[in-house]
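Visitor: Sequence and predicted structure below; questions after.
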Amino acid sequence: MNTPDKNATGTSNAIPVGDIIEMGYKITPNVTKWGFVYSTSQVNAVDTVESAQAYLDSKGIKYESATVETSADVKSAAETLISKGCDVIFVPNDAIVQDGVQSLSQVCEEAKIPTYCSSATTVNNGCLATLAIDDKGIGAKTADKCIEYMNGKAGQR
């Protein structure tokens, strides 16, 4: 990102996991153990969870992870994390988990476990909160960059 080569340009939809975790502590300050539900087949989800885990490691905060293969596995993964003492669950940008997020949200609501996520769509489907990117805004910025490039504007850092 800091040293693009050739004529690379673009926008990023990197998830601000540290900010989301800190927001979680403002809303639910007594959290002691985070849980992550994700699919290892979703590269974005793996990257997001690894970033979140690194952030929690840097703060000495405990966490557990549960991976899923299909959206049908999401509910049982959430139940497993709750049984392991997780008092909050984080859902990354993961299409498989998002397909099953309503069942996850229901399990967590019944257990009084807050859920944070990386997508506004996931909040609309039952998670408590996020600091999400604006997909439409990023798309518009990307289109603007493409038009500028096609019109011959030199790149900037």
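Guide: Here it is on my side, so go on.
Visitor: Going by C-alpha atoms from here, please, whenever you check contacts or count neighbours.
Guide: Noted.
Visitor: which residues does Ser103 contact?
Guide: Shown in contact with Ser103 (Cα atoms under 8 Å, 6 or more residues apart in numbering): 74-75.
Visitor: how about it, secondary structure?
Guide: helix (DSSP: H, G, I helix; E, B strand; the rest coil).
Visitor: ok, so what distance separates it from Glu79?
Guide: Distance of Ser103 to Glu79, given as Cα to Cα, to the nearest Å: 10 Å.
Visitor: quick one: the strands in this protein?
Guide: Secondary structure of the chain (DSSP state E): strands at 33-38, 62-67, 88-91, 115-117.
Visitor: do you know which of the ones you listed lies nearest Asn124?
Guide: strand 115-117 (10.7 Å; Cα to Cα).
Visitor: Quick one: mean pLDDT for that closest one?
Guide: Across strand 115-117, pLDDT averages out at 86.
Visitor: now that strand, how far from the chain's geometric center?
Guide: 8 Å (Cα atoms, centre = their mean, to the nearest Å).
Visitor: List the buried residues of it.
Guide: 115-117 (16 or more other Cα atoms under 10 Å).
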